[in-house]
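Asks: just the structure for this:
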Amino acid sequence: MRQMIDGAAHALMGMQGQRSVNHKWSRLSAIRSFLGMMLLLPLLSACSSLLQEAEGAAASGTVFQKALYSSNMSLAQKRSAAGADNAADFYASRALSAAPGADMAPLAAQSSEQVDAKRRLDAAFALGGRSKVAELMANTQTAYDCWVYETSVDVASPAGLSCRNDFIARMVRLEEQLAPKLVQPIGPTQATYTVYFSFDESLISAEALEVLTAAIDQARREGHSRIHIGGYTDSAGSAEYNDGLSVRRAEMMETVLIELGALEEAIEIMGYGETFPQVQTGDGVREPLNRRGVVTLLP
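Replies: Numbers count the residues shown, from 1 in each chain. Take a look at the predicted model:
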């Protein structure tokens with residue numbers, strides 16, 4: 001009996017010892033976790049502080065510089081709301097640069113189309129855009145910078161394409177106000193606007209709505225008499241199904257344009273299915289750039 005009691009006592013002491021060790025390890029693990037969180041907090045706060053710092057900045061300087069701050073701040077908040085933190089930080093940093101009353105050079109062009117766009121922008125600056133039409137000049141530069149930045153990250157970025165269309169619309173107004181004699185009234189010219197769709201969807205996204213709004217603004221401003229809408233798909237799914245999907249996409253774009261003010265009789269639509277892809281792929285491939293709709297403004 002004595003041996004049994006002694007054995008039980010040793011076992012109990014062993015268990016208590018083990019509990020003590022486990023308790024010590026638990027405390028050490030908790031301390032390590034706490035220290036890790038404390039070290040991480042400055043990094044987490046740094047990620048959100050740039051936008052907060054820009055929001056708290058007091059813009060000063062000229063009307064142009066204040067508008068440059070405001071337009072970049074607006075983009076920073078919009079991209080932050082969309083969960084695009086890197087883009088939000090980029091625009092917040094631009095806003096912070098402008099806030100003390102500083103000019104910022106437009107970003108370097110990344111494509112031949114952007115080279116021409118920057119040439120027109122530089123010409124507007126040379127004609128006194130900063131002082132004559134300060135707010136429009138600042139908003140036009142911000143739209144250009146957004147176009148360059150967003151498409152440098154993703155060439156098919158809906159945000160970049162939206163800013164491209166915004167830049168074109170603003171640039172035309174800028175040239176009309178700064179050098180009306182140089183803008184020849186030759187009537188409407190053909191122009192195209194492209195929107196993109198999610199896989200197997202025909203719904204119009206917020207970015208696509210901005211593009212369609214820019215298209216109808218140009219059509220109204222220049223007096224285009226005809227609008228062609230083409231719907232396209234990628235090669236995933238059967239050809240027959242894609243034909244129908246492309247028509248639904250074109251019809252949805254038509255509905256939105258009419259709601260925005262286009263005349264129904266001026267619009268023609270066509271579903272092209274998976275033919276005429278923007279990016280050549282094999283069959284059954286999901287390609288975002290091929291899931292698109294194209295609005296063509298005709299004289």
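Asks: do you know how far the residue nearest to E210 when sequence neighbours are not counted is from R79?
Replies: Leaving aside its chain neighbours, E210 sits nearest to S162 (4.4 Å; criterion: Cβ to Cβ, 6 or more residues apart in numbering). Bear in mind the C-beta positions are built from the backbone N, C-alpha and C, glycine included. To R79, S162 is 11 Å away according to Cβ to Cβ, to the nearest Å.
Asks: again with E135
Replies: 21 Å.
Asks: which one's more surrounded, those two?
Replies: The residue with more neighbours, out of E135 and R79, is R79; 22 against 14, by other Cβ atoms under 10 Å.
Asks: could I get the full set of helices for this structure?
Replies: Ranges of helices in the chain, per DSSP state H, are 2-56, 63-81, 85-98, 112-126, 129-132, 134-153, 158-178, 206-222, 239-259.
Asks: which one, of those, ends up nearest to V295?
Replies: helix 206-222 (4.8 Å; Cβ to Cβ).
Asks: what's that closest one in contact with?
Replies: If you take Cβ atoms under 8 Å, 6 or more residues apart in numbering as the criterion, helix 206-222 is touched by 158-159, 161-162, 165-166, 168-169, 172, 187-189, 191, 193-197, 204, 224, 227, 253, 256-257, 260-262, 293, 295, 297.
Asks: for E274, find the nearest of the helices of the chain.
Replies: Of all those, helix 239-259 comes closest under Cβ to Cβ, at 4.6 Å.
Asks: elements contacting the closest one?
Replies: helix 206-222, strand 226-231, strand 267-271, strand 292-298 (3 or more Cβ pairs under 8 Å, 6 or more residues apart in numbering; DSSP states H and E).
Asks: mean pLDDT for the ones you listed: which is lowest?
Replies: Per-stretch mean pLDDT for these is lowest at helix 206-222 (a mean of 91).
Asks: kindly report the domain assignment for the protein.
Replies: 56-185, 190-299 (automatic domain parsing).
Asks: starting at the chain centroid, how far to the first one?
Replies: Once both centres are worked out by Cα atoms, centre = their mean, to the nearest Å, domain 56-185 turns out to sit 14 Å from its chain's centre.
Asks: name all residues that make contact with the spatially most central residue of the chain.
Replies: Centroid check for the chain by Cα atoms, centre = their mean gives A159 as the closest residue, at 2.5 Å. Shown in contact with A159 (Cβ under 8 Å, 6+ apart): R79, A82, A84, A87, C146, E150, E207.
Asks: just to revisit the earlier point, turn the helices and strands packed on helix 239-259 into a markdown table, columns for mean neighbour count.
Replies: As requested, the helices and strands packed on helix 239-259 are arranged in a markdown table below (neighbours: other Cβ atoms under 10 Å):
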| stretch | mean neighbour count |
| --- | --- |
| helix 206-222 | 19 |
| strand 226-231 | 22 |
| strand 267-271 | 17 |
| strand 292-298 | 21 |
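Asks: can you report how many residues lie near the residue nearest to E210?
Replies: If you count neighbours by other Cβ under 10 Å, S162 ends up with 24.
Asks: shaky segments in the stretch 101-250 of the chain?
Replies: Applying pLDDT under 70 to the stretch 101-250 of the chain flags residues 181-187.
Asks: again, only this time at 80
Replies: The model of the stretch 101-250 of the chain has pLDDT under 80 over residues 156, 180-189.
Asks: pLDDT wise, what is G36 at?
Replies: 48.
Asks: hmm, I was thinking of R27
Replies: pLDDT at R27 comes out at 53.
Asks: how much space separates the residue nearest to the centre of the chain from Y196?
Replies: Note on A159: its distance to Y196, by Cβ to Cβ, is 11 Å.
Asks: do the same with N242
Replies: 16 Å.
Asks: between these two, which one's more packed in?
Replies: Using other Cβ under 10 Å as the criterion, N242 and Y196 rank with N242 on top: 24 against 20.
Asks: hmm, Y272 and the more buried one touching each other?
Replies: No. Applying Cβ atoms under 8 Å as the test, N242 and Y272 come out as separate, 9.1 Å apart.
Asks: what sits against L50?
Replies: The contact partners of L50, taken as Cβ under 8 Å, 6+ apart, are A88, D89, A92, S93, L96.
Asks: Serialize those to JSON lines and add fields for pLDDT and distance to L121.
Replies: Formatted as JSON lines, those follow (pLDDT from 0 to 100; distance: Cβ to Cβ, whole Å):
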{"residue": "A88", "pLDDT": "94", "distance to L121": "24"}
{"residue": "D89", "pLDDT": "95", "distance to L121": "24"}
{"residue": "A92", "pLDDT": "95", "distance to L121": "22"}
{"residue": "S93", "pLDDT": "95", "distance to L121": "20"}
{"residue": "L96", "pLDDT": "95", "distance to L121": "22"}
